[in-house]
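**Student:** My questions concern the predicted model and sequence given below.
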Amino acid sequence: MKGARAGVALLACAALPFILTEYQATLAGFVGIAAIAALGLVLLTGVSGQTSFGHATFLGLAAYTTAWMSRYGGWPPLAGLPAGLAITGGTAFLLGLITSRISGHYLPVATIAWCASFFYLFGVLPGLGGFNGFGEIPPLFPGITRGTAAALIGVVLIAAFLLCANLLTSRTGRAMRALAQSRIMAESLGIDTARLARSTFVLAALLAGVAGWLFAHVQRYVSPAPFGLSASIEYVFMVVIGGASQLAGAVIGAAIVVLLRDQLTELLPRLLGSSGNFETVAFSIAVILLLHYAPRGIAPALFRGRGSALPDRHTVALPTRAMPADGALVLETTALEKRFGGLLAASGIGLSVCAGEIVALIGPNGAGKSTTFNLISGALSPNAGSIRMLGHDIQGRGARFIARQGLARTFQHVKLLPDASVLDNIALGAHLRGRAGMLRSMLRLDRGEEAALLHTARIHADRVGLTDVLPDPAGSLPLGRQRLVEIARGLCLDPCVFLLDEPAAGLRLQEKQALADLLRALRDEGMAILLVEHDMDFVMGLADRVAVMDFGQMIAEGRPEQVQDNPIVQEAYLGGVA
Ligand code: ADP
Ligand code: MG
């Protein structure tokens, strides 16, 4: 399917030199160049959630490198590509090291700062022609026509598009989407979010670098202006208008912005009777209107984003971890403490869970149960106390390390990728069981591993009863079933300890019974399960032991019937609820 579409697109490119006028071919070339750069911004902003107002800088770095080498150094234009990419990628890597520590609204501000710096650098570095730039840059090939250049750019765009599409339906692509959704969730599945954010940043810059290289040899003139802040903002406009969540959005947005700018630069001054950069104003108005009426851009209205395809039934499943011996102490906390400012959210927490045991943690709202989960899973660091898992100290080791030891968790407030399919959401849980990185995924060298990951995801979807909704967006499910997606995702990690924060909330009675059966089956396989739950019938019928928290303290612990009869517990919790 994808191959057929790519074939049609290639044929269309081959026809360009014969059907377009010189002027149209020039415009088509600029649309293609802008689209290649915008693909990078879709990956960076739309997919992995990092806003950049400095994208044009990377076009500039590659464009100036190749322009200088071919004009003054006598190098062939093709040699400028690897050199330009090396400089662009290297700069992006260094900027990424600095900016990946910056989060929230400060990141876009930082990108504006370095975009402005590079703009002046291009203008003042000796030998680059100052703010007027320099020309007489050799074309891609001697004697190349505008039409042939447009066709070539089209071929590069198609290749870049396919590589990016491969990436998005892969282990790394799923992880990139998780980055945008919740870094805490991503880390709990073993994803190195800081590193992935940096490599996405470099990849986006490399795509811009390819665009910049083409730009220099097609325009045959470089100056700082096309690589400054307003150009960067235009790339943001492109992905916002086209739709930042889909690769097609980059192409649609690039076409609209480049073609509209071409029309408006002629039309507006004539209409308004004076000259000026009115097209920027027109774009801004268009973007505001669009954000109002179609906040996700045009592409999602035209295409449904496609998730990973189901693998064949006979795919081999991934190898599984050896479970600890039945009854072995798997998880133990001692005197765990967490303060939020003046609030003691957890104090003196001593919990233990053995292999093949279900322990329930109960208590009124605000008792500190979720905080305890966050401490154990490494989402928060304790102020005091220790956590041992399988005999190793894990406190302060971070969520990723703890996930690798075999601890999975769900969240009280579900953290899913709402637009991604149920299958992709569940497969995200198997991240640590795959290895393929960006390059392998882009080149489709990851297919065997990918099929095994998806197959594993399907097995766990079957187990929790989600087989019928695998291709649906996870966000379209009722909340109770979204919890089941999180449970299946956790199981994909192949855990020996599973922490479930209110897994039965929002489930119907039959679904609760099915969940209880599943948890019993997991226990019988030797998993250690710690769960927070408010439904007392559910807890009392399921748990082997119950621990009760109130005001950050453990107030009781024992077998379900002991705890139920404990007057302190009835006072603190059960009495209040019943
Ligand atoms: P539970 O899960 O038992 O309902 P929590 O562990 O979520 O309770 O919360 C325990 C207490 O800690 C509450 O008073 C809550 O407001 C506070 N708390 C939880 N997380 C944070 C946080 N990140 N920052 C500040 N206070 C928090
Ligand atoms: Mg809670």
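**Tutor:** Done, it's in. Ligands and ions are numbered 1, 2, ... in the order given.
**Student:** What parts of the protein come near ligand 2?
**Tutor:** Counting by CB under 5 Å from the ion, the residues of the chain close to ligand 2 are 369-370, 412. C-beta: built from backbone N, CA, C; applies to glycine.
**Student:** switch the cut-off to 8 Å
**Tutor:** 365, 369-371, 373, 412, 501-502, 532 (CB under 8 Å from the ion).
**Student:** Near the closest residue in space to Val257 that isn't next to it in sequence, how many other residues are there?
**Tutor:** Leaving out its chain neighbours, the residue that sits closest to Val257 by CB to CB, 6 or more residues apart in numbering is Met238, at 4.8 Å. Neighbour count for Met238, taken as other CB atoms under 10 Å: 29.
**Student:** Now do Met238 against ligand 1, distance only.
**Tutor:** As judged by CB to the nearest ligand atom, to the nearest Å, Met238 and ligand 1 stand 37 Å apart.
**Student:** again, but for Ala225
**Tutor:** Counting by CB to the nearest ligand atom - Ala225 and ligand 1 are separated by 46 Å.
**Student:** next one: Val210
**Tutor:** Counting by CB to the nearest ligand atom - Val210 and ligand 1 are separated by 43 Å.
**Student:** show me the contacts for Thr456.
**Tutor:** Each residue near Thr456 by CB atoms under 8 Å, 6 or more residues apart in numbering is listed here: 317-318, 427, 430, 433, 492.
**Student:** Determine whether the claim that it is in a helix is correct.
**Tutor:** Yes - assessed with DSSP: H, G, I helix; E, B strand; the rest coil, Thr456 lies in a helix.
**Student:** Just give the closest residue to Phe122, not the sequence neighbours.
**Tutor:** Nearest to Phe122 is Pro224, by CB to CB, 6+ apart, at 4.0 Å.
**Student:** Now do the same for the one you found: its pLDDT.
**Tutor:** pLDDT for Pro224: 97.
**Student:** Is it in contact with Ser117, as I believe?
**Tutor:** No - using CB atoms under 8 Å as the test, Pro224 is too far from Ser117 to be in contact (11.4 Å).
**Student:** Give me the more crowded residue out of those two.
**Tutor:** Pro224 (24 against 12).
**Student:** quick one: the more buried one from Leu85, how far?
**Tutor:** As judged by CB to CB, to the nearest Å, Pro224 and Leu85 stand 20 Å apart.
**Student:** quick one, strands of the chain?
**Tutor:** 329-340, 343-349, 352-354, 357-362, 384-389, 392-393, 407-409, 497-501, 528-532, 545-550, 553-558 (DSSP state E).
**Student:** What backbone torsions are found at the residue nearest to Phe122?
**Tutor:** Backbone torsions for Pro224, taken as degrees, to the nearest 10, come to phi -60, psi -30.
**Student:** Low-confidence stretches in this structure?
**Tutor:** Applying pLDDT under 70 to the chain flags residues 1, 100, 103-104, 573-578.
**Student:** per the record, what domains does it have?
**Tutor:** Per the record, the chain has its domains at 37-228, 329-574, by automatic domain parsing.
**Student:** Rebuild the ones you listed as CSV, extending it with distance to Leu259.
**Tutor:** CSV is the format used below for those (distance: least, CB to CB, whole Å):
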stretch, distance to Leu259
domain 37-228, 14
domain 329-574, 28
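**Student:** what about Asp565, how many residues close to it?
**Tutor:** 11.
**Student:** repeat for Ser182
**Tutor:** Neighbour tally, Ser182, other CB under 10 Å: 17.
**Student:** what's near enough to touch it?
**Tutor:** Lys415.
**Student:** what about the closest residue to Leu157 other than its chain neighbours, neighbour count?
**Tutor:** Leaving aside its sequence neighbours, Leu157 sits nearest to Gly32 (CB to CB, 6+ apart; 4.8 Å). Gly32 has 30 neighbouring residues, counting by other CB under 10 Å.
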